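Q: need coordinates for the below:
(one chain, ligands or ions: 2)
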Amino acid sequence: MAKMVEEGAVALNVEGAFYNPRMRLNRDIGVAVAKSLGISDYLDGLAASGARGLRVAKEAKVEHVVLNDVSPKAVALIEENAERNGLGACEILTSNANVLLHQRHFEAVDLDPFGSPSPFLAAASRSADKYLFITATDTAPLCGAHLKSGIRKYMAVPVKAEHHREMGARILLGAVARELARVDKGISPLLTHVTDHYARIYLRIARGAKMADRALEGMGHLEQCRICGRWRTVPGMACRSSGACSFCEGRADVAGPLWLGPIQDRGAIRAALSELEGSKARSERAVRLLQLCAEEIDVPMYYDHHRLCRKFKTTPGAADNLINDLRSAGYSASRTHFSGVGIKTDAPFELLQEILCSI
Ligand SMILES: C[S@@+](CC[C@H](N)C(=O)[O-])C[C@H]1O[C@@H](n2cnc3c(N)ncnc32)[C@H](O)[C@@H]1O
Ligand SMILES: [Zn+2]
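A: Numbering: from 1, shown residues only. Ligands and ions are numbered 1, 2, ... in the order given. Predicted structure coming up:
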């Protein structure tokens, strides 16, 4: 029996293996990133039908692609799909990903598991030489909606707030940065996005204890006030928060440890964008997403424009006007891909209030 689908430049039989058409955007971007980085050795560690790894082999023209899945049924499909697409040179394995990752090193390791990538992070951190790409579909634990599960999986405490999607991405990045640091590797995030029901991160790895130490400087905590709703970042692995809001002295929840460093690399995103724009897999949604990621300013977290206006009892005008006003006042400001009504800025809260209330 066959259930055929076409995606990008490959035709796949997906009968009997996990295949989610809604993840196509995730794979389209993954292929563009792999191509723009000029990767030559890539592992799709949890490959299912092979959709991701086979597309990377065919469209990104990665020389050595390894596709692995623990399920023999999935592996039979990967073999069939590789053959069908003229990708017989791909290496196809039936291993537990954790065993394989402890046995071998790869230039780029891609993890796309069911739910949390947490069970694979230790082994993947050892195996990945230059790049680590990770999908996490457990957004409820990451973003603070399932608190205990999030703490178990990521050894960090998320706080549920207006910027919960970015909170989830930074909890994940923080967990990965700590895991890599154990094996003397540091991270530089190239691209981070939270889309639909998942978070996706693309990391460049720098080897050496010094690089790991430097990466850990990107770790910290976030104080989130229960009363006034404002937040403050507190750098460092040690939690230096007093638990009181530094603005209103109300009780603050503390999130962390999480990643407070940069999450987008403009140059890397623009390079992926130009691959995507020239490819058959070009979709307006993927292009717009990457454009937004490239425009995001490097400031942790964002305000919900509409929520702010409700708080100040005013009606929201155009987000672009607010951004322009903040910039005219000498501050950085941008939209964010995390939310259609999100505003990132380094301007003081009082200025936001002043601008919004003067409209
Ligand atoms: C979400 S699917 C992968 C989807 C695929 N990457 C795609 O883009 O279509 C997860 C896959 O991981 C496999 N899997 C689960 N645990 C595994 C393990 N420990 N080692 C290797 N594969 C595993 C499952 O059999 C399943 O096919
Ligand atoms: Zn407060």
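Q: helices along this structure, start to end?
A: 24-37, 51-59, 72-84, 97-103, 121-127, 139-143, 147-154, 164-182, 209-216, 266-277, 284-295, 305-311, 319-328, 349-357 (DSSP state H).
Q: quick check: domain ranges of this protein?
A: The chain breaks down by automatic domain parsing into domains covering 4-295, 303-357.
Q: quick one: end-to-end length of the first one, please.
A: Taking Cα to Cα, to the nearest Å, domain 4-295 runs 38 Å from one end to the other.
Q: in the stretch 51-200 of the chain, which residue sits closest to ligand 2?
A: Relative to ligand 2, the nearest point of the stretch 51-200 of the chain is residue 161 (12.2 Å; Cβ to the ion). Placement of C-beta: from N, CA and C, glycine included.
Q: can you pull the contacts of that residue?
A: Applying Cβ atoms under 8 Å, 6 or more residues apart in numbering to residue 161 gives the contacts 144, 167, 224, 229, 231.
Q: ditto for residue 211
A: By Cβ under 8 Å, 6+ apart, residue 211 lies in contact with 184-186.
Q: now the domains of the chain in JSON lines, with mean pLDDT and distance to ligand 1?
A: Converted to JSON lines, the domains of the chain look like this (pLDDT from 0 to 100; distance: least, Cβ to the nearest ligand atom, whole Å):
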{"stretch": "domain 4-295", "mean pLDDT": "97", "distance to ligand 1": "3"}
{"stretch": "domain 303-357", "mean pLDDT": "96", "distance to ligand 1": "21"}
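Q: need the winner for burial among these.
A: domain 4-295 (a mean of 20; mean count of other Cβ atoms under 10 Å).
Q: can you tell me the closest non-neighbouring residue to residue 282?
A: Nearest residue to residue 282, sequence neighbours excluded (Cβ to Cβ, 6 or more residues apart in numbering): residue 276, at 5.8 Å.
Q: sorry, that was for residue 112
A: Nearest residue to residue 112 in three dimensions, chain neighbours excluded: residue 135, at 4.6 Å (Cβ to Cβ, 6+ apart).
Q: can you pull the contacts of the one you found?
A: Going by Cβ under 8 Å, 6+ apart, residue 135 touches 23, 26, 111-113, 117, 198-200.
Q: most widely separated two among those residues?
A: Greatest spacing in these, by Cβ to Cβ: 23 and 117 (14.3 Å).
Q: and the gap between the closest residue to residue 93 other than its chain neighbours and residue 327?
A: With sequence-adjacent residues excluded and distances taken as Cβ to Cβ, 6+ apart, residue 93 is closest to residue 68, at 4.4 Å. As defined by Cβ to Cβ, to the nearest Å, residue 68 lies at a distance of 48 Å from residue 327.
Q: contacting residues around the closest residue to residue 304 other than its chain neighbours?
A: Leaving aside its sequence neighbours, residue 304 sits nearest to residue 162 (Cβ to Cβ, 6+ apart; 4.2 Å). By Cβ under 8 Å, 6+ apart, the contact list for residue 162 reads 229, 302-304, 307.
Q: got phi/psi on residue 162?
A: Residue 162 adopts backbone torsions of phi -60, psi -30, taken as degrees, to the nearest 10.
Q: please tell me how far it sits from residue 236.
A: 24 Å.
Q: likewise residue 50?
A: The gap separating residue 50 from residue 236 is 43 Å, by Cβ to Cβ.
Q: you'd agree residue 239 is up against residue 255?
A: No: using Cβ atoms under 8 Å, residue 239 is not in contact with residue 255, being 10.1 Å away.
Q: any idea which residue of the stretch 251-359 of the chain lies closest to ligand 2?
A: Residue nearest to ligand 2 within the stretch 251-359 of the chain: residue 252 (6.7 Å; Cβ to the ion).
Q: ok, that residue - contacts?
A: Counting by Cβ under 8 Å, 6+ apart, residue 252 has contacts 223-226, 241, 243-245.
Q: make it 10 Å
A: Residue 252 makes contact with 159, 222-228, 230-232, 241-246, according to Cβ atoms under 10 Å, 6 or more residues apart in numbering.
Q: sort out for me which of those are in strands.
A: 222-225, 231-232 (DSSP state E).
Q: right, and the pair among those with maximum separation?
A: Farthest apart among the ones in strands among the contacts of residue 252 by Cβ to Cβ are 222 and 225. That separation is 10.7 Å.
Q: anything in contact with each of the two?
A: Common contacts of residue 222 and residue 225 (Cβ under 10 Å, 6+ apart): 161, 231-232, 252-253.
Q: could you check how far the residue of the stretch 51-200 of the chain closest to ligand 2 is from residue 225?
A: According to Cβ to Cβ, residue 161 stands 9 Å off from residue 225.
Q: coming back round to it: pretty sure the residue nearest to residue 93 contacts residue 47?
A: Yes: judged on Cβ atoms under 10 Å, residue 68 makes contact with residue 47 at a distance of 5.9 Å.
Q: overlap in contacts of the two?
A: 53, 74-75, 78, 92-93, 97.
Q: now flag whichever of these is closest to residue 318.
A: The shortest approach to residue 318 among the shared contacts of residue 68 and residue 47 belongs to residue 53, at 43.1 Å (Cβ to Cβ).
Q: what's the closest non-adjacent residue to the closest one?
A: Using Cβ to Cβ, 6+ apart and skipping residues adjacent in sequence, the residue nearest residue 53 is residue 44, 3.1 Å away.
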